[in-house]
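J.: This is a predicted model, with the sequence first.
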Amino acid sequence: MNIALVSDTFYPTVGGTERVVLALCNEYVKMGHNVALFVRDDYEKRPYDDSVYPFKVVRAKMHKFPFYPPVPLTGCDKALKEALYDFKPDVMHIQTQFEMGKWGVKMAKKLNIPSVVTCHTNLWCLFENNAPFSKNNPIHKAILFINNMMPKYVAKHADILTAVSESCKRDEIQRSLKLDREVFIVRNGFDYTEINSSSVDENSISKDIPDFNRINLLYVGRIASHKNIDFSFKVCSVLKKRCIPFDFTLAGLDKRDRYKTKAEALGLSDNVHCIGIQKFDVLAKLYSSSDVFLFPSIYDTDGLVVKEANKFGTIALVVKDTGASEQIIDGINGYALDEDENAFADKIEELYRLKTEHFDQYLELRKGCKNKPIPSWTDIATQYLDLYQNKYSNATS
């Protein structure tokens, strides 16, 4: 089968969606399928080498407009269209609901092949957090309406619509886009090759814990307001007032100056450490040496980092009724809590007491994290292939 995947950006060390796309492309190639990935060029001009991948990467040209970031004008990009025609795809799997996604849906219609769209995130959360008006302001509501037009078009016109969690279906597709249609839930997988190739001893549970008299908190991902980082700082402030000894490490694409200033203003400079983007081998050591993965995001719907943290024995704290909470079995691999800084601080203090006073029980909790089953990317790719093939056979019969 010739599988065309369409995504927004492709710089795999940065975002969760990019890593999902990379994992699926690699799995399809291993299964013997031909794969081509269609993405927009990287307007941030980060270095990349597409020749290292076992699949074809085609990048749409970017066009700069005054006062706006560059965008792909896919309708005018003849090279992009010709590359798609030359590839002769049997199915289009679209992983973005913006310009590239709209192009993917339209091209699938022209080629008379099925289109599959996957919704990854709660875009309403991103839009609300970044609009410079109060939520009841008419201008704010107009911005939300305009921002939702393209995602709604892409999701509405897909032959098959999938979401990575029930919360994504509920909050993004039904609540924000107001679509009432069949949605298949296909969750994200876990890359067992990464954990197996890391330098961390997978059989070790306790030797990587650096300080038995402190609680070590970790966050991995984009360090931005829509990830609820400000809430994490509130939790840290409560811990500081309670005199709970802790360190909070944030690894990922970050705004160092903003959060350094915020930490200083809250008296947290000695506790909070922003270390930027790290390779997986470094992240593996961070996961293994941390006690709690602090992940209060309501934007993420099936965060890969929660799965990674668990597989290294790190207990995850997430917000109730979110995509992240669907991964959590309370008391096994973490806890789903109310979005309240005192509730999070209470649980962290409880875990601190468990670590310092009942270490054997603490180790059992870490073992439960590591032992919780998580589907591999091979499992997830197989689920998608079933959808492709069923739709493809129906379309050609």
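T.: Received, thanks.

J.: Check which helices and strands the helix or strand where K152 lies sits against.
T.: In this assignment (DSSP states H and E), K152 forms part of helix 138-157. Contact partners of helix 138-157 among helices and strands, from 3 or more CB pairs under 8 Å, 6 or more residues apart in numbering; DSSP states H and E: helix 99-111, strand 115-119, helix 123-130. Where you see a C-beta, it was placed from the backbone N, CA and C, and this is true even at glycine.

J.: which of the ones you listed is buried the deepest?
T.: strand 115-119 (a mean of 27; mean count of other CB atoms under 10 Å).

J.: who does it pair up with?
T.: Note on strand 115-119: by DSSP bridges, its sheet partners are strand 91-94 (parallel), strand 160-163 (parallel).

J.: so which of the ones you listed is the most packed in?
T.: Of the strands paired with strand 115-119, strand 91-94 is the most buried (mean count of other CB under 10 Å), at a mean of 27.

J.: coming back round to it: same list (the strands paired with strand 115-119) but as TSV, adding mean pLDDT and distance to F280.
T.: Converted to TSV, the strands paired with strand 115-119 look like this (pLDDT from 0 to 100; distance: least, CB to CB, whole Å):
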stretch	mean pLDDT	distance to F280
strand 91-94	97	25
strand 160-163	97	26
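
J.: between those, which gets nearest to A251?
T.: strand 160-163 (27.3 Å; CB to CB).

J.: E308 is in contact with L286, isn't it?
T.: No - using CB atoms under 8 Å, E308 makes no contact with L286, being 10.0 Å away.

J.: Name the residues contacting each of those two.
T.: V220 (CB atoms under 8 Å, 6 or more residues apart in numbering).

J.: hmm, back to that, tell me the mean pLDDT for the helix holding K152?
T.: Averaged across helix 138-157, pLDDT comes to 81.

J.: What of stretch 358-376?
T.: Computed over stretch 358-376, the mean pLDDT rounds to 93.

J.: got any ranges where the stretch 51-200 of the chain has weak pLDDT?
T.: In the predicted model of the stretch 51-200 of the chain, residues 67-69, 128-135, 140, 143-144, 147, 199-200 satisfy pLDDT under 70.

J.: Let's see that with 80 instead.
T.: Low-confidence segments of the stretch 51-200 of the chain (pLDDT under 80): 64-70, 124-148, 194-200.

J.: Now do R256, the pLDDT please.
T.: Looking at R256, its pLDDT stands at 63.
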